[in-house]
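A.B. asks: Predicted coordinates and the sequence they were generated for:
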Amino acid sequence: MKGLAQKLAMGWLIAVILTGCFANFIANSYPLLCRYKSHLRSPALESSFGYSSIPLQAWTSGEIQVLMMPPIPYSNTSVDMLHSGYASPLDNNSRANGHYLGTGSLGEDMGAIIILGCRYALLTGFFATLIALILGLIIGGTAGFLGDQKIQMSRSQLILAAISLGILWFYGWHIPHSFGNMPFSWGIGFLIFGLMYLIFNILLSKSIFFQKKMIFPADLILSRGMEFFQSLPLMLLLFAIISLSRPSIYIVIAIIGCTGWSGIAQLSRAEMLRIREMSYMESARASGLSLWQLYFRHALPNLLPSLRVALIFTAAGAILAEASLSFLGLGTPPELITWAKLLSLSREMPSAWWISVPAGLMLFLTVSALYALSSGLKESKN
Amino acid sequence: MYFLRRALLLIPTVIAIVICVFLLAEVLPGDIIADKLQSAVSEEGMLRNPQAREAAYGILAQKMRLDLPPFYVSIRSLSESDTLQHIVLPERRARIMDYLSQSGNMQQALRMDSMYTAHQPPENQAILQRQESKNQWRNYIPVIKWQGWHNRFHQYFIGLLHGDFGYSYTQKRGVAPILAEALPVTLALNLLAIIFGILIGILCGLILSRDGGAPLLRIIIDAAFALPSFGVATLLLLFFTGGTYLNWFPISGFSELQSEDASAMEMLGDHLYHLILPVFVLAYPIAAMIARQLEQSIRMQLDSDYIVTARAKGLAKYPILIGHALPNALLPLIANFSALVAGLFSGSVIIENIFSIPGIGSKAFAAARFQDYPLVTGALLLAALMTVLAHFLGDILYTRVDPRIRFSSPNRTGS
């Protein structure tokens, strides 16, 4: 029973991924293959790379001999005037014209929108999770790996670190951005940093006061930061960011990734605390590896497999977060129609069930497939 | 003692939240004044000439205190002087900074700028530029300066302490009264949803943890976990309101009665009637989550010694389950309750919008669409503070129920 659910979930996800990757060949208003001036061309392939070798007027002049159309001969932005005004998929006439899932008010083909929606869901799930993984590893993994005792700094190093932050801000950001044309800013910044480095590391190396070691509590600071971040209400944070900048889908994905890392961070911190105490880490430490080598060669490869469940959860959460934003009409630009946007569009015409039901089903099935997969992984781990 | 330490920990958290919200409004791009002027132009058809535009810009900027320094301390270059703070028009400031980067002298840059605004020919500007000495090195010298208490962050923070959350552009009144009106609605919605969610969740968890369980219930709960609540809300609206299919519930809003011609009981009843669907939509994910966790937790408890003892004593199945296993199994869930309160502020944003309930979420959403950032950040701040408070109360409750837990977090192991 459980195995079957896993297999179904896996199959569904693979289907969605393939559909998302090859969406342009399944639903496209351009033909897959055509003959133009006795050359074979594939406008569908060309359009997915954003160029076209066939001039626009050729389409109306009849020089093109269409050999093969995609299964759905519409793209998600094309408008079919003949079947506008909510044509039902049960209507034989509209089905014969390739509208297998009906049309919207302007004659948009619902099938094409659903197919291309796979791509947006895929993009969101993958890239938002990638960003969340990187941030979670940097913040949570470091907190767990370093603990409170690993980083010992002398007072001079601590002061140097504070000063170099100021230098970075002043020469790296303030001067190049506020002033019109300041060519040597970065160079002067490096020069001053070098000077400071010399002063603090060589001239002050004799001073007992400046060489007193201090413990830098990395874990304490980072996990307090994580707790603080978790107390921010994410949806309102997304509102605030999106209201102050007008984003494209990539920025929305980046924002979702940047706000969704806390689960991964907490898990990787807890796992790192466990891995740190393993005997192989101890022998690696005993053989004199540096902190970097310990982290990247030994700790990180052992950490990643245990993050799988959390990663899948994050992907599902990212898809749902993007869906909520799209549903409210925030974030993604209006011409880009995702599944959730179909759900909100369906509120204009409640009797047109073919707008809401397939989109809702796709969203539900994809998210529940991700959840089923993660619960299967969790059980196999136990 | 624990209470006091935990309460003291609130202060830095609250200050950090205020700083974050302030920074968010400072750092993010988007010129709100220019947007406002744009809409003023389209309304009144004026502000064509630059002087009028700059004057109008200046008035708005002064209202928003943009002529003050942003923070207590500033790091700036030697050549920048305080006069720059009073030049708020971005184009003009960029021009002056451009001149400044050529000369390194503020007086000269201002003179160049006044020549530019007086439409002097470029030859004269070039002559002036050649006459003056070049002190570009002054731009590269950083100066740390104490800006005093008269800065934007201080004003903002003091305003917050006095209950002043700013001024909403779209509603043309203070943010605080808007939020004060919306808060009780959101609180009522969320509290009802949490209470029902927890009760149903505990019930379902108990049913699931019986021997054999209930396969149908398990499938329903698994599905409820993955159903996005806004989708369910849309379907419910579609089928149960409006009269397309069934007309059982009001389609949206919080009340249709006027407060003058209805008694308090009638008003309450009408509010509850309007809240049935939204509370259901908010409660079912909570119930699903609680049910799953409670089931796992109860199964772990059922293996422990005291259950064996209770069985050996001859207690029946249900007294063991409810009287012995449940209270212990509920313990780890208490940590989740405060997280639930936190999550509900985000979740109820969407539901409030779908059902047009005049809570904080729908206010914030409307504000976000019209770039009304004082209202958005005010709502963000309020929700963040409520969340911090919820975590605080959760922690206090946790130690009351289980005194073994003390200040250090339980998962911090070893050195």
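C.D. replies: Ah, there it is.

A.B. asks: wait, isn't B:Gln136 in contact with B:Ser103?
C.D. replies: Yes: between B:Gln136 and B:Ser103 there is a contact under Cβ atoms under 8 Å: 7.4 Å. Where C-beta positions appear, they are placed from N, C-alpha and C, glycine not excepted.

A.B. asks: Who has more neighbours out of those two?
C.D. replies: B:Ser103 (22 against 17; other Cβ atoms under 10 Å in any protein chain shown).

A.B. asks: The more buried one and B:Ala224: what is the separation?
C.D. replies: Separation of B:Ser103 from B:Ala224 (Cβ to Cβ, to the nearest Å): 68 Å.

A.B. asks: who's in contact with stretch B:202-216?
C.D. replies: Counting by Cβ atoms under 8 Å, 6 or more residues apart in numbering or on different chains, stretch B:202-216 makes contact with B:217-218, B:221, B:287-288, B:290-295, B:298-299, B:302, B:321-322, B:325-326, B:330, all of which sit outside it.

A.B. asks: Those residues, buried ones only, as a PyMOL selection?
C.D. replies: To isolate the buried subset of the contacts of stretch B:202-216 in PyMOL, counting by 16 or more other Cβ atoms under 10 Å in any protein chain shown, use the following:
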select buried, chain B and resi 218+221+287+288+290+291+292+293+294+295+298+302+321+325+326+330
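
A.B. asks: Now intersect the contacts of stretch B:202-216 with the helices, please.
C.D. replies: Members of the contacts of stretch B:202-216 lying in helices (criterion: DSSP state H): B:217-218, B:221, B:287-288, B:290-295, B:298-299, B:302, B:326, B:330.

A.B. asks: Count the neighbours of the residue of the stretch 1-150 of chain A found nearest chain B for me.
C.D. replies: Closest to chain B within the stretch 1-150 of chain A is A:Gln149: 5.8 Å, counting by Cβ to the nearest Cβ. Applying other Cβ under 10 Å, we find 12 residues neighbouring A:Gln149.

A.B. asks: all helices of the stretch 101-250 of chain A, in order?
C.D. replies: Under the criterion DSSP state H, counting those that start in this stretch, the stretch 101-250 of chain A contains helices at A:110-136, A:142-146, A:155-167, A:175-178, A:185-201, A:208-211, A:218-230, A:234-244, A:249-259.

A.B. asks: looking at those, which one has the lowest mean pLDDT?
C.D. replies: With a mean of 75, helix A:234-244 has the lowest mean pLDDT of the helices of the stretch 101-250 of chain A.

A.B. asks: Now do that helix and helix A:218-230, the angle between them.
C.D. replies: Counting by axes from the mean of the first three to the mean of the last three Cα atoms, to 10 degrees, helix A:234-244 lies at 80 degrees to helix A:218-230.

A.B. asks: which residue sits closest to B:Gly148 in space, ignoring its chain neighbours?
C.D. replies: Leaving aside its sequence neighbours, B:Gly148 sits nearest to B:Tyr72 (Cβ to Cβ, 6 or more residues apart in numbering or on different chains; 7.7 Å).

A.B. asks: so A:Ser53 makes contact with A:Ser47?
C.D. replies: No: under the criterion of Cβ under 8 Å, A:Ser53 makes no contact with A:Ser47, lying 10.5 Å away.

A.B. asks: Those two: who's more crowded?
C.D. replies: The neighbour count for A:Ser53 versus A:Ser47, taken as other Cβ under 10 Å, is higher for A:Ser47 (15 against 10).

A.B. asks: Contacts only, for that one.
C.D. replies: Taking Cβ under 8 Å, 6+ apart as the test, what A:Ser47 contacts is A:Asn24, A:Asn28, A:Tyr30.

A.B. asks: in terms of contact, does the last one touch A:Pro43 like I think?
C.D. replies: Yes: taking contacts as Cβ under 8 Å, A:Tyr30 lies within contact range of A:Pro43: 3.8 Å.

A.B. asks: By mean pLDDT, point me to the weakest helix or strand of chain B.
C.D. replies: helix B:32-44 (a mean of 63; mean pLDDT, DSSP states H and E).

A.B. asks: got any ranges where chain A has weak pLDDT?
C.D. replies: Under the criterion pLDDT under 70, the flagged ranges of chain A are A:1-2, A:180-181, A:243-247, A:331, A:381-382.

A.B. asks: Can you identify each of the strands in it by residue range?
C.D. replies: With DSSP state E, the ranges of strands along chain A come out as A:33-36, A:39-41, A:64-68, A:152-154, A:213-215.

A.B. asks: Now render the ones you listed as TSV, adding distance to B:Ala364.
C.D. replies: Formatted as TSV, the strands of chain A follow (distance: least, Cβ to Cβ, whole Å):
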stretch	distance to B:Ala364
strand A:33-36	51
strand A:39-41	51
strand A:64-68	50
strand A:152-154	42
strand A:213-215	42
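
A.B. asks: looking at these, which is buried most?
C.D. replies: Across those, averaging neighbours per residue (mean count of other Cβ atoms under 10 Å in any protein chain shown) puts strand A:33-36 on top, at a mean of 17.

A.B. asks: and the stretch 151-300 of chain B, which of its residues are near chain A?
C.D. replies: Residues of the stretch 151-300 of chain B lying close to chain A by Cβ under 8 Å from any Cβ of the partner chain are B:222-223, B:225-228, B:230-231, B:234-235, B:237-238, B:242, B:244.

A.B. asks: Sitting in helices, which of those residues do you find?
C.D. replies: If you go by DSSP H, those have B:Asp222, B:Ala223, B:Phe225, B:Ala226, B:Phe230, B:Gly231, B:Thr234, B:Leu235, B:Leu237, B:Leu238 in helices.
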